[in-house]
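Q: I'd like to go over a predicted model; first the sequence, then the structure.
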Amino acid sequence: MRSEFAALVRRHLDDLGIEGAKYQPGEFCFELPDGLVINLHNIFRDTAETTPEDRSERVTRFLRALTADDEVPTDWESVRPMIFPALRPSTYGGLGFRPLSRPAFPFVDELIVIDLPDRRVIVTNDHVKSWGITPYEVFDAARENLAEKAPALELEEGGYSRIVDTGDLYATSWLLLPGWLSSLGAEGRRAVAFIPEDECLILALDEPELLAHLFDAAEEQYVDAVRRLSPQAYTTNGNGVVVPFDLAGPHPQLHAAHRARGGLASTEYHAQQGELIEALDEEDGFAPYGIDPAYPSELHFAAGDSGSYTIAPWAAEVETLLPEADYIDLCLTDENNEIVETLAIPFATLAEVTELTPVPTLNPPRYLARNWPDAPTLARLRALAVDL
């Protein structure tokens, strides 16, 4: 339970002599008198399966690192050489966390960190304002610093390279550097990268049999990882731009890429749904999102004759936050609220017919569906439904 974990953190704060910390249950964080916000989402998730002793030790190390004496420089010229981009899942930090970020790939964002001797500090918009520059300048400077760390590599056919980051390489972020991944390709073979967790980068050439093995291995590592990032593979398109493998065109392993995409989507939406459901039970829990409460629909990952896909239900007369699934399952009910019919509608079709719009404060995106389709609209959707 989050309340029990917060109590554990409170005890460790007291043991470390850190006074005046205020717990904010809605944001699942502690605010210190000096303005430091201790976000608990990641450490809570990272220690969920550990023993009580290990969890206690991890929390102590976590708090000591956050409250270390090394201070963040307050001027841009001093901090500029210390910033680097870091890839994180879209749900990193929880719904109440607002770092400086921008999308890198589906369900994966580019954040900026300040690399201090004993810790990393996530850059927020407040940092940027205090430095008197624009977010674009921050992202550009971080990538310039990163370029000095990215090595020139040579990939061999039939094998792969695994780079385990010791904490100062920012290896998974090398995919953000224009031209870097494409430069690793060989004649007739694109380079392919996997980033199953934030400290591991796997590189190989585009060989279908090898990729079949790597897709399986990356998925297994992603599922078991403490700080998971993505089970998906990434490669380059015809313009040399890094894209998820499922968006790179026909391939013998496209089915594996679709499975990885679905696994990533279901993991991220599941994490988001859990927090939104908790917000439903709290007074003003939906205030940060600027909308009235609505039920967050669950995203399911399934497989059919034509391959894997994602699908989310929308029940009649239920105000719902719909995830961006491949299909939305319209659930029609009788007078006893028993489901009597379901209609699988491609998401793009439903969005067009019912004029769904995304909630701008939610990432991954969700769409507010308050009004169940009227009879004419429902008849049109029934004609557009597909068999899965």
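A: Thanks, I have the structure now. Since this is a predicted model, take the numbers as computed values, not measurements.
Q: nearest spatial neighbour of residue 211, skipping sequence neighbours?
A: residue 253 (4.8 Å; Cβ to Cβ, 6 or more residues apart in numbering). (Each C-beta comes from the backbone N, C-alpha and C, glycine too.)
Q: quick one: pLDDT of the one you found?
A: Per-residue pLDDT puts residue 253 at 96.
Q: repeat for residue 369
A: pLDDT, residue 369: 92.
Q: check contacts around residue 176.
A: Contact analysis of residue 176 by Cβ atoms under 8 Å, 6 or more residues apart in numbering lists 85, 87, 104, 110, 143, 146, 242.
Q: which ones among those are found in strands?
A: Using DSSP state E, the members of these that fall in strands are 85, 87, 104, 110, 242.
Q: now do the buried residues in stretch 197-217.
A: Within stretch 197-217, the residues that count as buried by 16 or more other Cβ atoms under 10 Å are 197-207, 210-211, 214-215, 217.
Q: coming back round to it: which of the ones in strands among the contacts of residue 176 ranks first by neighbour count?
A: When neighbours are taken as other Cβ atoms under 10 Å, the top entry among the ones in strands among the contacts of residue 176 is residue 85 (26 neighbours).
Q: quick one: that one from residue 210, how far?
A: Distance, residue 85 to residue 210, using Cβ to Cβ, to the nearest Å: 28 Å.
Q: now residue 183
A: For residue 183, the distance to residue 210 equals 20 Å [Cβ to Cβ].
Q: can you dump the C-alpha atoms of the helix or strand harbouring residue 321 in CSV for me?
A: Here residue 321 sits within strand 320-323, counting by DSSP states H and E. Output of strand 320-323 as CSV, limited to C-alpha atoms (Å, rounded to 0.1, in the frame of the first residue of the first chain):
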residue,chain,number,x,y,z
THR,A,320,-14.8,6.9,-19.8
LEU,A,321,-11.2,7.8,-20.4
LEU,A,322,-10.3,5.7,-23.5
PRO,A,323,-6.7,4.7,-24.2
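Q: what strands line up against that strand, and which way round?
A: If you go by DSSP bridges, strand 320-323 pairs up with strand 295-296 (parallel), strand 366-369 (antiparallel).
Q: closest to residue 27 out of those?
A: For the strands paired with strand 320-323, the distance to residue 27 is smallest for strand 295-296, at 17.8 Å, taking Cβ to Cβ.
Q: and the next helix or strand after that closest one, what does it pack against?
A: Downstream of strand 295-296, the first helix or strand assigned by DSSP H and E is strand 300-304. If you count contacts as 3 or more Cβ pairs under 8 Å, 6 or more residues apart in numbering; DSSP states H and E, strand 300-304 packs onto helix 254-280, strand 307-315.
Q: tell me which stretches of the stretch 151-300 of the chain form strands.
A: For the stretch 151-300 of the chain, applying DSSP state E, counting those that start in this stretch gives strands covering 160-164, 191-197, 200-205, 233-236, 242-244, 295-296, 300-304.
Q: against the centre of this protein, work out the most remote residue.
A: Distance to the chain centre peaks in the chain at residue 335, reaching 39.6 Å (criterion: Cα atoms, centre = their mean).
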